[in-house]
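Asker: Below is the structure, and that's it, no one-letter string:
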């Protein structure tokens, strides 16, 4: 019984603890923090190392809520709070209401014009962006050690609750792409704040788990930045690599929507890159060096690839999902999470995927040799959208956690 199978089966205690005690076996970032806050949205900041900073405003409030209040009643009250301009539920503890009141204010640097450009971009590329959310950001999370372990050992990492956790992540990806994401009648600000409260809850609860190492506080500012870069930065890098034409204003608008997302998730403004060049520079320091395999990440990757089984959709089989994962993440990362190269779909993706996207964008005409591949890719995207929509139709309630994963 190898370590991976033990974890999948619920984790024999000794092996689960061994996985936790391996934290730090590979330095998360060996080099000193050197990214300058001059490259941030405000253009200024203290320049402190984000590895040693968390979210004190949210952490103090959520720790108090978990320890001294009826969290179940609070979560019930929050289920109906979904719109950005909706009154904060009156029954919430006063400190939580005060926190939400401050946390949902738009920053002074919000640009409505850029947000309109972002929606124009997303409207054009929505399906491809959704694929990248799943196969770039979603699967990359399994080779980000701190993120994989935080997910695995928290309640949402248990197979019973895993699909619900993925649906909550999908909601954030959906909400940010809506035309009114940050408007009063939108939902993105609320979704971000609820996610921020979940992170604070995990920071409070995970150090109490017997499977978590002593003196390790999860989800630091750097961890949040790493996850942030696995989303917009990685997505834009792939779109550029595939030759997708993106007007500059739409590119800048898309970045701005994610700058706001980072702000509402509790990332300090001084760490939010002001341009794609700064984002790429920062990602080289905080994302690229930390990617590594873990037993926990391998298990989560397998669970992700099994999610398509619930629907009778032939092109969402595990081998095809694995082929997309391998193509988008690359062979090195795919090998880490034991995703093999598929004999048919892998070479097809390597040969025909970028031209297919350029055909969809109107750059190329359909060549006879690519017609069958074009149809297969188009059908895959159609089925993927059906699956994605089915996930969003589930009742999704982003709630403050009350416990860690039970083994």
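Answerer: On my side now, so go ahead. None of these values were measured; they are calculated from a predicted model.

Asker: Just give me the neighbour total for residue 387.
Answerer: Residues lying near residue 387 (other C-beta atoms under 10 Å) number 18. Just so you know, the C-beta spots here come from the backbone N, C-alpha and C atoms, and that holds for glycine as well.

Asker: Off-centre distance for the strand or helix carrying it?
Answerer: Taking DSSP states H and E as the criterion, residue 387 maps to helix 371-393. When distances are taken as C-alpha atoms, centre = their mean, to the nearest Å, helix 371-393 is centred 21 Å away from the chain's centroid.

Asker: cool, stretch 218-226 as well?
Answerer: On C-alpha atoms, centre = their mean, the centre of stretch 218-226 falls 12 Å from that of its chain.

Asker: got the contact list for that stretch?
Answerer: With contacts defined as C-beta atoms under 8 Å, 6 or more residues apart in numbering, stretch 218-226 is touched by 28-29, 49-55, 144, 146-147, 149-150, 199, 202-203, 206-207, 212, 262, 265-268, 271, 282, 286-287, 290.

Asker: Give me the buried subset of those.
Answerer: Buried residues within those, defined by neighbour count using 16 or more other C-beta atoms under 10 Å: 28-29, 50, 54-55, 144, 146-147, 149-150, 199, 202-203, 206, 212, 262, 265-268, 271, 282, 286-287, 290.

Asker: buried ones in the helix holding residue 387?
Answerer: Applying 16+ other C-beta under 10 Å to helix 371-393 flags 373, 374, 376, 377, 380, 381, 383, 384, 387, 388, 391 as buried.

Asker: Need the residues you listed in a markdown table (columns: pLDDT and distance to residue 357).
Answerer: As requested, the buried residues of helix 371-393 are exported to a markdown table (pLDDT from 0 to 100; distance: C-beta to C-beta, whole Å):
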| residue | pLDDT | distance to residue 357 |
| --- | --- | --- |
| 373 | 80 | 12 |
| 374 | 80 | 10 |
| 376 | 88 | 14 |
| 377 | 90 | 8 |
| 380 | 89 | 12 |
| 381 | 87 | 10 |
| 383 | 85 | 17 |
| 384 | 83 | 14 |
| 387 | 75 | 20 |
| 388 | 72 | 18 |
| 391 | 66 | 23 |
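
Asker: and residue 151, what is it in contact with?
Answerer: 141, 157, 165, 296, 300.

Asker: Give me the spatial nearest neighbour of residue 102, chain neighbours excluded.
Answerer: Leaving aside its sequence neighbours, residue 102 sits nearest to residue 57 (C-beta to C-beta, 6 or more residues apart in numbering; 7.6 Å).

Asker: Residue 192 now?
Answerer: Once flanking residues are discounted, residue 192 sits nearest to residue 264: 3.5 Å by C-beta to C-beta, 6+ apart.

Asker: neighbours around that neighbour, how many?
Answerer: 22.

Asker: OK, contacts around it?
Answerer: 103, 104, 188, 189, 192, 193, 196.

Asker: repeat for residue 404
Answerer: 153, 154, 155, 205, 206, 208, 209, 211, 212.

Asker: Outline the domain layout of the protein.
Answerer: Domain segmentation of the chain under automatic domain parsing yields 57-104, 112-396.

Asker: Ok, which of those domains comes nearest residue 33?
Answerer: Taking C-beta to C-beta, domain 112-396 is the member of the domains of the chain nearest to residue 33, at 7.6 Å.

Asker: Could you work out the end-to-end span of the closest one for me?
Answerer: End-to-end distance for domain 112-396, by C-alpha to C-alpha, to the nearest Å: 28 Å.

Asker: again, but for stretch 81-90
Answerer: First-to-last residue span, stretch 81-90, C-alpha to C-alpha: 11 Å.

Asker: got the residue ranges for the strands in the stretch 1-150 of the chain?
Answerer: Remark: strands of the stretch 1-150 of the chain are absent; assignment by DSSP state E, counting those that start in this stretch.

Asker: ok, which stretches of it are helices?
Answerer: Applying DSSP state H, counting those that start in this stretch to the stretch 1-150 of the chain gives helices spanning 3-8, 13-21, 56-68, 71-79, 94-103, 112-132, 139-140, 145-153.

Asker: packing partners for the shortest one?
Answerer: Translated: helix 139-140. Packing partners of helix 139-140 (3 or more C-beta pairs under 8 Å, 6 or more residues apart in numbering; DSSP states H and E): helix 318-329.

Asker: buried ones in the helix or strand following the helix it packs on?
Answerer: Once the chain leaves helix 318-329, the next helix or strand it forms, by DSSP H and E, is helix 331-336. Residues 333, 334, 336 are the ones in helix 331-336 that count as buried (16+ other C-beta under 10 Å).

Asker: for the helix holding residue 387, packing partners?
Answerer: Using 3+ C-beta pairs under 8 Å, 6+ apart: helix 371-393 touches helix 112-132, helix 159-175, helix 345-360.

Asker: Just send those back as TSV, with distance to residue 224 and mean pLDDT too.
Answerer: Putting those into TSV (distance: least, C-beta to C-beta, whole Å; pLDDT from 0 to 100) gives the following:
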stretch	distance to residue 224	mean pLDDT
helix 112-132	20	95
helix 159-175	13	86
helix 345-360	30	90
